[in-house]
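> Give the three-dimensional model of this entry:
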Amino acid sequence: MQHTRRTFSGAVLAVALGALFAGCSTTKLDEAAPVESRNVPADGSSATGGAGGPGTAQSSVATVDLSKQGTGAATGLLAQRTVFFDFDSFVVKDEYRPMLEAHAKVLSANRGKRMTLEGHTDERGGREYNLALGQKRADAVLRSMVLLGVQEMQLEAVSFGEEKPAVPGSDEAAWAKNRRVELKDR
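Numbers count the residues shown, from 1 in each chain. As a prediction, this is how the structure comes out:
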């Protein structure tokens, strides 16, 4: 009886696995995916001559090089390179999203470009604690930029803890400026 149960449960397992793999075996990976082909003249005009109907190809998209510095709001955001944090926190505030988006667009457009994210803390807390908090801050900015489309290999998150204060002093104004992540090109 014991032997019959094992054989029966083994057979049920084999049938279940067979059904699972049978569903996977019908997919043909070597066939090309269907691609729609449109003939668009070099001047961007419609190939059919119609205005807005089916088969009309309209191409008026201009290529923009985001890595070049120009004037405007994007340049102002690219000039900003510091994310500040609340006391004992590594949460990236919403107010830094436009700046991070601008830097993410530049990095996404130029996959060869790299950036170091340097995490810092104020002087309060022990050395090891501050190194860990600085790393959490740098990692939080890294995760934000990855979510915005930057490849993780383009970013390096490092911590300096309390070792490189931006502003000397032992008051809240100085501490607030020292709790930061700096974005630096490499």
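
> for stretch 117-132, what is the average pLDDT?
Averaging pLDDT along stretch 117-132 gives 97.

> List the buried residues for it?
The neighbour-count criterion (16 or more other Cβ atoms under 10 Å) identifies 117, 118, 119, 120, 121, 122, 125, 130, 131, 132 as the buried residues of stretch 117-132. (Glycine included, C-beta is placed from N, CA and C.)

> In helices, which of those residues appear?
Residues of the buried residues of stretch 117-132 located in helices (DSSP state H): 130, 131, 132.

> can you give me the helices for the chain?
2-25, 73-79, 97-109, 127-147, 172-178.

> Residue 156 reaches residue 114, doesn't it?
Yes. Using Cβ atoms under 8 Å, residue 156 is in contact with residue 114, at 7.2 Å.

> between the ones in helices among the buried residues of stretch 117-132, which is nearest residue 169?
The nearest member of those to residue 169, counting by Cβ to Cβ, is residue 130 at 16.3 Å.

> lowest-confidence stretch among the helices of the chain?
helix 2-25 (a mean of 50).

> give me the number of residues near residue 82?
14 (other Cβ atoms under 10 Å).

> can you pull the contacts of it?
180, 181, 182, 183 (Cβ atoms under 8 Å, 6 or more residues apart in numbering).

> among these, which are in strands?
Mapping these onto strands (DSSP state E) picks out 180, 181, 182, 183.

> could you dump the residues you listed to JSON lines with pLDDT?
JSON lines is the format used below for these (pLDDT from 0 to 100):
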{"residue": "180", "pLDDT": "98"}
{"residue": "181", "pLDDT": "98"}
{"residue": "182", "pLDDT": "97"}
{"residue": "183", "pLDDT": "97"}
